[in-house]
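Enquirer: what's the 3D shape of this:
(one chain, ligands or ions: 1)
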Amino acid sequence: MARSATSQTDAVGSKDDDLPGVPANMNTLLKDPLLQISPMQLDDVAAVMEIELRAYEFPWSEGNMRDCLNSNYYCCVYRLDDRCIGYGVMSIGAGEAQILNICIDSSMRGQGLGRRLLRHLIATAGKSSADTMFLEVRASNLAAVSLYDSMGFNEMGRRRGYYPTESGREDALMLALSL
Ligand SMILES: CC(C)(COP(=O)(O)OP(=O)(O)OC[C@H]1O[C@@H](n2cnc3c(N)ncnc32)[C@H](O)[C@@H]1OP(=O)(O)O)[C@@H](O)C(=O)NCCC(=O)NCCS
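Expert: The predicted model follows:
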């Protein structure tokens, strides 16, 4: 059954962020007590949309974001000292979770935050009794594809020409992770 966006705030500096090989400055940020993941509220949508519009060539509309929030989707916001720095949107139901959006503000990337947010979504889906997580990603989105690959996602297939681009269409990779 889908979980509503009403779970407890998740303080992020957990032990599993102490990864061998993770640069010290990355660990420092991930351990910052002001870094938190919490449920997205309607009040967050404006800040979330600013990040969304910066992040994607073909962004969601504010209506898309509000629909997810008003539906029974799991929507969370990543905050640093109360500033929104990222967000995740996921549907959960019938034993399956689908990541619909995961985004870190462009100025905050490359510091381990995307991996930590993905871990949070995976843990949340697992607690909600989902046994498989699915997502679709643009084949050209090398940062996201690399992140998913490193977290154990497998390519299940490809949707040819699924996404629009400035010059035409591009494929979506369909990825899955056993939880
Ligand atoms: C994908 C995204 C969430 C990653 O967030 P991030 O905070 O920069 O990622 P992290 O710092 O946690 O890095 C985790 C892994 O992602 C991959 N990665 C991140 N940035 C990368 C880059 N510029 N090039 C290649 N791989 C990259 C690497 O595998 C990295 O692991 P490593 O540090 O051990 O090499 C971020 O780039 C983003 O928000 N992009 C725009 C929105 C988007 O495309 N979302 C995915 C939609 S399917």
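
Enquirer: Now the closest residue to the ligand within the chain: closest residue in space that isn't a chain neighbour?
Expert: Distances between the chain and the ligand by Cβ to the nearest ligand atom are smallest at Gly114, namely 2.2 Å. To be clear about C-beta, it is placed using only N, CA and C from the backbone, and glycine gets the same treatment. Excluding the flanking residues, the one nearest Gly114 by Cβ to Cβ, 6 or more residues apart in numbering is Ile104, at 4.8 Å.

Enquirer: Share the number of residues neighbouring Ala139, please.
Expert: A total of 15 residues lie near Ala139 under the criterion other Cβ atoms under 10 Å.

Enquirer: Next up, the contacts around the closest residue to it other than its chain neighbours.
Expert: If you skip the residues right next to it in sequence, Ala139 has Asp171 as its closest partner in space, 4.5 Å away by Cβ to Cβ, 6+ apart. Asp171 sits next to Arg138, Ala139, Arg158, Arg159, Arg160, Gly161, Tyr162, Tyr163 when contact means Cβ atoms under 8 Å, 6 or more residues apart in numbering.

Enquirer: on that earlier part again, who's the residue nearest to Gly114 bridged to?
Expert: Listed by DSSP bridges, the beta-bridge partners for Ile104 are Gly86.

Enquirer: Could you tell me the per-residue confidence at it?
Expert: The pLDDT attached to Ile104 in the predicted structure is 98.

Enquirer: Correct me if wrong: it contacts Leu80.
Expert: No - here Ile104 does not reach Leu80: they are 10.8 Å apart, not a contact under Cβ atoms under 8 Å.

Enquirer: can you pull the contacts of Arg66?
Expert: When the contact criterion is Cβ under 8 Å, 6+ apart, the partners of Arg66 are Leu42, Val45.

Enquirer: Would you double-check that it falls in a strand?
Expert: No - when DSSP: H, G, I helix; E, B strand; the rest coil is applied, Arg66 is found to be helix, with no strand at that position.
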